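1. pasting the sequence and the predicted model now:
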Amino acid sequence: MLRYVANKFFYMLVSLFILISATFFLMKAIPGDPFMGEKKPSPEILARLMEQYDLDKPVFQQYTKYLGNIVQGDFGLSMKKQGESVTGIIVDTFGPSLRLGLIAIVVSVIVGVLLGMLAALYHRKLIDNIAMIISVLGIAVPSFVLASLLQFVLAEKAHIFNVMGFEGPLDYVLPVMALSAQPIAFIARLTRSSMLEVLHADYIKTAKAKGLNWIAIMFRHVIRNGILPVVTYVGPMTANIITGSVVIEQIFGIGGIGKQFVESITNRDYTVIMGITIFYGILLMLARFLTDIVYVFVDPRIKLTGGKER
């Protein structure tokens, strides 16, 4: 097990190194100057700015210094917000995004699994049809379209919720609904197909023949085995929800890291763009890494030989 974890962790570090390198050199390849705005700075000021951000040094020297700083948790200084570090900006703005993301994850898993279970238990009946229609709509309708629709119907017309803002508990409802709709649809379909397969398995028929209580069959066999594909999906979904709230935060005026990311792109704040991109990558890789570890404990059929799954 230790060798398996070390192997996964090594590949995560390699992927992170590739991400950091690709992000750095892609930003260097972008044409234009981050200091060129509506008013062009004088040559003296421009030279001073280039020196402050080490842009006057060779690219490879900039790259090695940037790698060394990241190892220490330093993403550099913002090019537009004087005196503010990128690490500080990420720490200050990640809180609202994390709260929104965690609530959306919990809602997605609970609603998606329940919807999928009902669809499987009432296969080819009205409940199954309704659940699948909801799933298709959840996958087909983009989150930003659903967010705008929810704002118009429930906030603008019905006056039940605020159109924008993120202050009270009710302000979480619309963003969470928009953010969790697609994951709910995916989880519902995964749960349904997996549980239909489990319900028709031979060991379920054997358990019924032995007179085992239906509730015991559901909790000990059906749910335990039918939820395994959901565990696989939860890792990437967690990272996607937390990092994918960029548009949702912009629509609802939430001052999270997603909104900060959009503003940094608009302002050509290269250090912030690189810092948030790498931070998003770290979240995604950690979620994938933890999912692989948890899956080994959840599914006893997985055997580890030489640090690999079998």
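-> Happy to help now that I have it. Numbers count the residues shown, from 1 in each chain.

2. strands along the stretch 151-300 of the chain, start to end?
-> With strands called from DSSP state E, counting those that start in this stretch, the stretch 151-300 of the chain shows none.

3. mind showing which ranges of it have poor pLDDT?
-> 243-244, 298-300 (pLDDT under 70).

4. again, only using 90
-> 155-157, 159, 161-172, 194-271, 273, 277, 280-300 (pLDDT under 90).

5. and the helices in it?
-> Assignment of helices within the stretch 151-300 of the chain using DSSP state H, counting those that start in this stretch yields the ranges 173-199, 202-209, 214-217, 223-226, 228-243, 246-252, 257-266, 270-298.

6. what about residue 179, neighbour count?
-> Using other CB atoms under 10 Å, residue 179 is surrounded by 28 other residues. Backbone N, C-alpha and C define where each C-beta goes, glycine included.

7. wait, residue 72
-> 8.

8. now it: how far from residue 195?
-> Counting by CB to CB, to the nearest Å, the separation of residue 72 from residue 195 is 48 Å.

9. what of residue 248?
-> 30 Å.

10. separation between residue 15 and residue 278?
-> Residue 15 is 12 Å from residue 278, by CB to CB.

11. now do the contacts for residue 59.
-> Going by CB atoms under 8 Å, 6 or more residues apart in numbering, residue 59 touches 25, 28.

12. if I look at it, how far off is residue 24?
-> For residue 59, the distance to residue 24 (CB to CB) stands at 9 Å.

13. and if you look at residue 66?
-> 6 Å.

14. swap in residue 30?
-> 11 Å.

15. then residue 12?
-> In terms of CB to CB, residue 12 sits 19 Å off from residue 24.

16. more neighbours: these two, which one.
-> Higher neighbour count among residue 12 and residue 24: residue 24, with 20 against 16, using other CB under 10 Å.

17. residue 15 and residue 278: which is more packed in?
-> Taking other CB under 10 Å, residue 15 and residue 278 do not tie; residue 278 has more neighbours (19 against 15).

18. all the helices of the stretch 1-150 of the chain, residue numbers only.
-> Going by DSSP H, counting those that start in this stretch, the stretch 1-150 of the chain shows helices at 2-29, 43-52, 59-71, 86-121, 126-140, 143-150.

19. dump the third one to CSV, restricted to CA.
-> Going back to what we said before, that points to helix 59-71. Extracted C-alpha coordinates of helix 59-71, given in CSV (Å, rounded to 0.1, in the frame of the first residue of the first chain):
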residue,chain,number,x,y,z
VAL,A,59,13.8,33.4,-19.7
PHE,A,60,15.6,30.3,-18.3
GLN,A,61,16.8,32.3,-15.3
GLN,A,62,13.3,33.6,-14.7
TYR,A,63,12.0,30.0,-15.0
THR,A,64,14.4,28.5,-12.4
LYS,A,65,13.8,31.3,-10.0
TYR,A,66,10.0,30.9,-10.4
LEU,A,67,10.3,27.2,-9.7
GLY,A,68,12.3,27.9,-6.6
ASN,A,69,9.8,30.4,-5.3
ILE,A,70,6.8,28.0,-5.9
VAL,A,71,8.5,25.3,-3.9
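
20. flag every buried residue along that helix.
-> Neighbour counts over helix 59-71 (16 or more other CB atoms under 10 Å) mark 62, 63, 66, 70 as buried.

21. residues contacting the second one?
-> Think residue 63. By CB under 8 Å, 6+ apart, the neighbours of residue 63 are 21, 24, 25.

22. list the contacts of the second one.
-> Neighbour list for residue 24: 63, 66, 274 [criterion: CB under 8 Å, 6+ apart].

23. give me the distance between the last one and residue 242.
-> Counting by CB to CB, the gap between residue 274 and residue 242 amounts to 19 Å.

24. how many neighbours does residue 268 have?
-> When counting by other CB under 10 Å, one arrives at 17 neighbours for residue 268.

25. state the phi and psi torsions of it.
-> Dihedral pair for residue 268: phi 60, psi 40, per degrees, to the nearest 10.

26. return the residues in contact with the residue lying closest to it once chain neighbours are set aside.
-> Spatial nearest neighbour of residue 268, chain neighbours left out: residue 34 (4.9 Å); criterion: CB to CB, 6 or more residues apart in numbering. The contact partners of residue 34, by CB under 8 Å, 6+ apart, come to 79, 80, 268, 269, 270.
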